[in-house]
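Asks: generate coordinates for the sequence data below:
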Amino acid sequence: MGTTAIIAAYNEEGTLADVLGALTASPLIDEVIVVSDGSTDETVNIARRFDVTTIALRQNHGKGYAMRMGVAWATHDILFFVDGDMFNVTSEHIEALVGPVARGEADMNVGIRHRGPVLDFLHLKAGCGPVLSGIRVMRRAVWETVPVQYMERFKIEAALNRFCVAAGYRQLNTVIYNLGHVIKESKRGLLNGLHSRWEMSREVFLLIFDLYVFETWRWSGQEEMPVAEYDLFE
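Replies: Got it, this is the predicted structure:
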C-alpha cells in the first residue's frame, strides 16, 4: 500500500519548506499533496518549488474542507495528514507515524507531541481531554467512516476518533519527541491567535456532546461537499 501525505496549509510560509523537505526525502512517502486553504502569503509558491501536487483554494474554507480536498486527489490507500506549522521533522518521526499503519499494526496512528511525562500521562493514560492532534496516519477506510457533516473546520479530528472506534478499527497513539510547532499566537498575533484558539475550543466542546451524547448523525442526512474554486499545480 502506498502512502499519500496531505498538508492542509493556511499561511505556513515560515515552516512549510521544512515539512516538505522531510516528506519528499522519505522513502515511506509516495505522494505529497499541499492544499493551500486560501493562503495570502508565500505558501503556494513555496509548495511549487517541490515535487508535490499543490491545490490552491481561492478562498478559505477551513481545515476540514482542505483535508477533504486532499483526500479527493490522493491516489494511495494510506493517508498521512501533516500539519504545515511543524519544524525539525525527521525521518524517525515519519517512520514512527507511518510504520504502524503500513505494517498493519493499526488502522489509525495519531501523533502526539511530547509535552513532558506528566502531561503525556494525563492526556494519553488518564484520558484528560480528547486526542485532537492533526498529525495522523490512517487507512482510507477509516477516513470514509466519518459523515460528511463532520469533515469541516476543526471537527474532523474528534470525529475521526469517534468513528474509527465505532467502526471497529484500531487506533494507536504515538508520542513524538523533539518535534517543533508554531503556536497560533505566534503565527497570527496574540489577539487573533487567542480568538482562533477560542473558536476552535468552543467548536470542539460542542462537538463532543454531538458525537457522544446527541449522536445527530444517526438521523441527519449526508451533506454534499461544497464546490470551491481552486488552482491546481502538478
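Asks: so for the residue most central in space within the chain, what's the pLDDT?
Replies: By Cα atoms, centre = their mean, the chain has its centre lying nearest to Gly134, at 3.6 Å. You'll see Gly134 listed with a pLDDT of 85.
Asks: would it count as being in a helix?
Replies: No: assessed with DSSP: H, G, I helix; E, B strand; the rest coil, Gly134 is coil; it does not lie in a helix.
Asks: list the contacts of it.
Replies: Listed by Cβ atoms under 8 Å, 6 or more residues apart in numbering, the contact set of Gly134 reads 8, 63, 81-83, 157. Just so you know, the C-beta spots here come from the backbone N, C-alpha and C atoms, and that holds for glycine as well.
Asks: inside strands: which ones of the residues you listed?
Replies: Judged by DSSP state E, the contacts of Gly134 include 8, 81-82 as members of strands.
Asks: and the top helix by length along the chain, what other elements does it pack with?
Replies: In the chain, taking DSSP state H as the definition, the longest helix is helix 190-209. Contacting helix 190-209 under the criterion 3 or more Cβ pairs under 8 Å, 6 or more residues apart in numbering; DSSP states H and E are the following elements: helix 156-166, helix 184-188.
Asks: quick check: angle from that helix to helix 156-166?
Replies: Helix 190-209 runs at 20 degrees relative to helix 156-166, counting by axes from the mean of the first three to the mean of the last three Cα atoms, to 10 degrees.
Asks: tell me how far helix 190-209 lies from the chain's centre.
Replies: 17 Å (Cα atoms, centre = their mean, to the nearest Å).
Asks: could I get the average pLDDT for that helix?
Replies: pLDDT averaged over helix 190-209 gives 78.
Asks: what's the next secondary structure element after it?
Replies: strand 230-233 (DSSP states H and E).
Asks: quick one: contacts of that following strand?
Replies: Residues contacting strand 230-233 (Cβ under 8 Å, 6+ apart): 44, 47-48, 53-58, 69.
Asks: that's all I had, so thanks and see you.
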